[in-house]
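Trainee: what follows is a protein structure lacking sequence information:
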Ligand code: ADP
Ligand code: ZN
């Protein structure tokens with residue numbers, strides 16, 4: 001076999017539009033191209049597909065991709081075709097004739113990547129096909145499905161063993177985002193992949209931020225969250241079907257485009273909802289966990305858990321659906337201890353004792369996560385056995401509420417003494433909940449029976465809330481003043497250090513998160529999120545999204561198949577206005593350059609013309625960030641023309657009809673000129689002195705810079721243009737001549 005192997009990095013750029021590999025991709029691609037088997041363990045969004053798609057293009061013949069997710073095959077194939085890669089699938093959604101047609105073209109070398117569902121592997125027709133026209137590489141997606149130990153065992157995956165016998169010598173690459181040791185071993189042994197060829201990456205998702213919020217007035221804070229992600233995709237997970245419907249209806253009633261999704265809905269309804277979500281026609285899906293398997297939307301920016309998940313595994317997996325494209329995305333969990341009690345009720349109904357204990361332990365871990373006072377990211381990764389530490393070397397991941405919070409120090413002496421005494425007085429035989437109830441003065445039957453309502457500590461912390469006390473127990477545990485037993489009952493006791501504190505009456509200062517302050521929801525993550533947080537132009541981005549949607553509708557494919565958000569954000573930052581510059585944008589390979597560049601470039605150029613922006617070249621594919629000043633310093637030809645006409649005494653309306661731009665555009669030109677040129681006379685543009693006074697006074701009381709609230713306060717009688725010109729005049733007066 002003669003194999004021409006073009007430089008893989010040029011294939012990376014020309015076909016996929018990427019400048020560089022993500023971690024491990026290059027090693028894996030080389031290993032595959034060397035004819036070896038590979039086992040790839042990477043989190044969702046890690047970039048697994050490229051590991052077989054790129055080698056497929058560097059080899060003769062076709063690559064066969066086995067995947068259980070039939071619903072996703074079409075999107076995957078559409079995505080490859082948009083990149084000019086001949087791809088196809090055979091599965092039950094096609095007619096037998098159509099499937100046959102695909103196999104024929106594959107046999108004739110017209111397909112480079114062929115997706116197939118595992119059940120098909122056992123059919124005589126397909127075996128026959130593999131024997132006569134076998135693939136040069138076999139990729140096994142969702143490889144954990146082969147293992148009974150995994151969460152998603154598919155008996156059909158066992159067919160793969162026969163395929164290996166049928167096609168000896170054809171290399172295999174197995175990929176999964178499930179990383180338990182046991183499943184990993186099982187995949188390798190069943191597929192006979194040598195252990196030396198495993199590639200395991202960190203399961204950290206650096207672009208995701210993690211937050212836990214108290215479930216208190218939660219609807220308001222949910223709306224706030226969703227509003228913050230306006231026009232972006234979000235998934236909200238609920239406990240029950242009824243709840244998803246109620247919550248979706250509530251969201252719709254406040255003007256949010258949301259729909260419920262659960263297993264109880266009719267198939268067509270479910271499919272329609274899913275389709276609208278994929279096509280950006282619905283932004284928010286309120287779902288039970290049934291939602292997810294059939295979804296591969298790369299630009300979900302927010303995943304909310306409105307109820308407590310049952311396990312950390314489930315939580316990691318569900319939040320994993322956020323930000324697959326590597327852009328910053330948020331994961332928020334609303335927590336109340338009451339939800340744990342609710343879950344306990346269900347757990348107690350599990351008949352098998354081992355199973356019940358197992359479920360209770362898993363839930364306890366999830367509660368630990370919610371009540372953490374240390375890094376949530378670290379907790380989660382350690383839970384999965386990864387010894388992860390933040391890149392900074394310290395203990396700040398820069399992307400969870402605990403790490404981002406500015407902690408406040410407070411005097412905990414009194415409350416600590418109360419808690420420690422209560423633990424001792426009740427005999428160190430009870431759990432946190434019981435001791436907290438005693439402290440709060442509960443009259444529960446058990447407390448009365450044990451005569452703990454007679455103790456002096458009964459009710460001495462009645463002013464503290466249950467969650468405050470739980471937090472205090474946690475802090476005291478962190479300080480090593482109390483200990484919680486590991487057994488079934490989790491009884492609390494006071495340590496020697498705790499007793500010393502009580503007898504010596506020393507003051508105790510502790511640090512905790514401020515009670516009410518909002519945690520900044522994101523900060524640039526410390527360790528390299530894939531794309532930098534570009535200060536892109538939001539207005540242009542919105543226009544680009546519109547164009548993307550239009551093209552997607554013309555072709556009847558999901559919007560992300562045309563371009564991902566990463567590409568659009570770069571366009572709205574670098575303003576590429578010719579083919580060369582457009583080609584430097586991430587995600588633009590030669591096929592997309594040919595198909596889409598013209599339409600996007602003309603939108604970008606028009607916008608730049610109107611707003612006097614010039615392209616910022618992205619040299620060498622590196623993200624370069626020239627200062628805004630430079631882009632603005634010299635007036636563009638267009639602005640110079642407006643300036644000239646204005647200086648000659650033409651009015652805004654006259655210039656507007658002369659130049660063929662709207663009056664607003666001309667005004668914004670003049671505003672720009674006024675900013676760039678301190679000598680430019682704004683006088684003719686200013687409204688009457690009374691109006692100036694009115695506008696100035698509102699401007700002064702709203703200093704955050706947003707115009708909408710100012711306009712609202714002034715009323716319809718005032719225009720945005722007037723306000724902007726007065727604002728500019730004020731700024732000039734404050735700054736003075738430079
Ligand atoms: P996984 O299958 O591991 O969940 P995907 O293969 O879907 O991940 O890739 C996740 C995202 O990363 C996709 O949006 C993909 O376009 C992008 N991606 C993959 N490789 C690269 C790369 N080398 N550079 C930039 N983006 C990449
Ligand atoms: Zn953290």
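Mentor: Cool, the structure landed. Given the structure is predicted, the values throughout are model-derived calculations rather than measurements. Residues are numbered from 1 along each chain as shown. Ligands and ions are numbered 1, 2, ... in the order given.

Trainee: now do residue 367: how many residues are near it, please.
Mentor: 16 (other Cβ atoms under 10 Å). Bear in mind the C-beta positions are built from the backbone N, C-alpha and C, glycine included.

Trainee: and it, what is it in contact with?
Mentor: Residues near residue 367 by Cβ atoms under 8 Å, 6 or more residues apart in numbering: 308, 337, 340.

Trainee: can you tell me the closest non-neighbouring residue to residue 158?
Mentor: residue 146 (7.0 Å; Cβ to Cβ, 6 or more residues apart in numbering).

Trainee: isn't the one you found up against residue 156?
Mentor: No. Applying Cβ atoms under 8 Å, one finds residue 146 not in contact with residue 156, separated by 9.5 Å.

Trainee: which one's more surrounded, these two?
Mentor: Taking other Cβ under 10 Å, residue 146 and residue 156 do not tie; residue 146 has more neighbours (27 against 17).

Trainee: now do the same for the more buried one: its pLDDT.
Mentor: Here, the pLDDT recorded for residue 146 equals 93.

Trainee: equivalent analysis for the one 3 residues further on, please.
Mentor: Residue 149 is assigned 82 on the pLDDT scale.

Trainee: and for the one 4 residues further on?
Mentor: If you check residue 153, the pLDDT there is 88.

Trainee: helix or strand for it, just tell me which one.
Mentor: Using DSSP states H and E, residue 153 sits within no helix or strand.

Trainee: if we can go back for a sec, so which of the contacts of residue 367 is the most crowded?
Mentor: residue 308 leads the contacts of residue 367 on contacts (other Cβ under 10 Å) with 24 neighbours.

Trainee: helix/strand/coil for that residue?
Mentor: Here residue 308 takes the coil state, with states given by DSSP: H, G, I helix; E, B strand; the rest coil.

Trainee: what about the residue nearest to it when sequence neighbours are not counted, distance to ligand 1?
Mentor: Leaving aside its sequence neighbours, residue 308 sits nearest to residue 339 (Cβ to Cβ, 6+ apart; 3.9 Å). Distance, residue 339 to ligand 1, by Cβ to the nearest ligand atom, to the nearest Å: 30 Å.

Trainee: which parts of this structure sit against ligand 2?
Mentor: Residues of the chain lying close to ligand 2 by Cβ under 5 Å from the ion are 375, 377, 397, 400, 403.

Trainee: now do the contacts for the first one.
Mentor: Residue 375 makes contact with 390, 395-397, 400, 402-403 under the criterion Cβ under 8 Å, 6+ apart.

Trainee: same list, those, but as CSV with distance to residue 727 and neighbour count please.
Mentor: Formatted as CSV, these follow (distance: Cβ to Cβ, whole Å; neighbours: other Cβ atoms under 10 Å):
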residue, distance to residue 727, neighbour count
390, 42, 20
395, 44, 12
396, 39, 16
397, 40, 26
400, 38, 24
402, 40, 22
403, 38, 23
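
Trainee: how near is the residue nearest to residue 158 to residue 89?
Mentor: Plainly put, residue 146 is 20 Å away from residue 89 if you go by Cβ to Cβ, to the nearest Å.

Trainee: now residue 364
Mentor: From residue 364 over to residue 89 (counting by Cβ to Cβ), the distance is 43 Å.

Trainee: neighbour count winner among those two?
Mentor: Remark: of residue 364 and residue 89, residue 89 carries more neighbours, 22 against 12, as counted by other Cβ under 10 Å.

Trainee: for the more buried one, name its beta-bridge partners.
Mentor: Applying DSSP bridges to residue 89 yields these beta-bridge partners: residue 115.

Trainee: surely it meets residue 71?
Mentor: No. Assessed by Cβ under 8 Å, residue 89 is found out of contact with residue 71, at 11.1 Å.

Trainee: where exactly do the strands run in the stretch 351-500 of the chain?
Mentor: Taking DSSP state E, counting those that start in this stretch as the criterion, the stretch 351-500 of the chain contains strands spanning 408-411, 482-484, 492-494.

Trainee: show me what the last one is packed against.
Mentor: In this case it means strand 492-494. helix 413-425, strand 482-484 (3 or more Cβ pairs under 8 Å, 6 or more residues apart in numbering; DSSP states H and E).

Trainee: just put the ones you listed in CSV and tack on mean pLDDT, mean neighbour count and distance to ligand 1.
Mentor: Putting these into CSV (pLDDT from 0 to 100; neighbours: other Cβ atoms under 10 Å; distance: least, Cβ to the nearest ligand atom, whole Å) gives the following:
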stretch, mean pLDDT, mean neighbour count, distance to ligand 1
helix 413-425, 94, 20, 46
strand 482-484, 89, 19, 38
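
Trainee: closest residue of the stretch 101-250 of the chain to ligand 2?
Mentor: residue 210 (7.1 Å; Cβ to the ion).

Trainee: let me see the contact set for residue 727.
Mentor: 695, 699.

Trainee: helix or strand for it, which one?
Mentor: Under the assignment here (DSSP H and E), residue 727 is part of helix 720-735.

Trainee: for that helix, which positions count as buried?
Mentor: 721-729 (16 or more other Cβ atoms under 10 Å).

Trainee: lowest-confidence helix or strand of this structure?
Mentor: Lowest mean confidence among the helices and strands of the chain (mean pLDDT, DSSP states H and E): helix 628-633, at a mean of 35.

Trainee: next SSE downstream of that helix?
Mentor: Downstream of helix 628-633 (by DSSP H and E), the next one is helix 637-647.

Trainee: can I get the contacts of residue 367 in TSV with distance to residue 150?
Mentor: Converted to TSV, those look like this (distance: Cβ to Cβ, whole Å):
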residue	distance to residue 150
308	24
337	32
340	27
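
Trainee: just give me the least confident of those residues.
Mentor: Among these, residue 337 has the weakest pLDDT, 89.

Trainee: that residue contacts residue 467, correct?
Mentor: Yes. In this structure, residue 337 is within contact of residue 467 by Cβ under 8 Å, at 6.9 Å.

Trainee: what's the angle from the longest helix along the chain to helix 637-647?
Mentor: If you go by DSSP state H, the chain has its longest helix at helix 590-611. Put simply, helix 590-611 runs at 10 degrees to helix 637-647, going by axes from the mean of the first three to the mean of the last three Cα atoms, to 10 degrees.

Trainee: would you mark the buried spots in helix 590-611?
Mentor: Applying 16+ other Cβ under 10 Å to helix 590-611 flags 591-593, 596-597, 600-601, 603-605, 607-611 as buried.

Trainee: ligand 1: which of the residues you listed is nearest?
Mentor: In terms of Cβ to the nearest ligand atom, no member of those lies closer to ligand 1 than residue 592, at 12.0 Å.

Trainee: in the helix or strand that residue 711 is a member of, which residues are buried?
Mentor: Here residue 711 sits within helix 707-714, counting by DSSP H and E. Residues 710-711, 714 are the ones in helix 707-714 that count as buried (16+ other Cβ under 10 Å).
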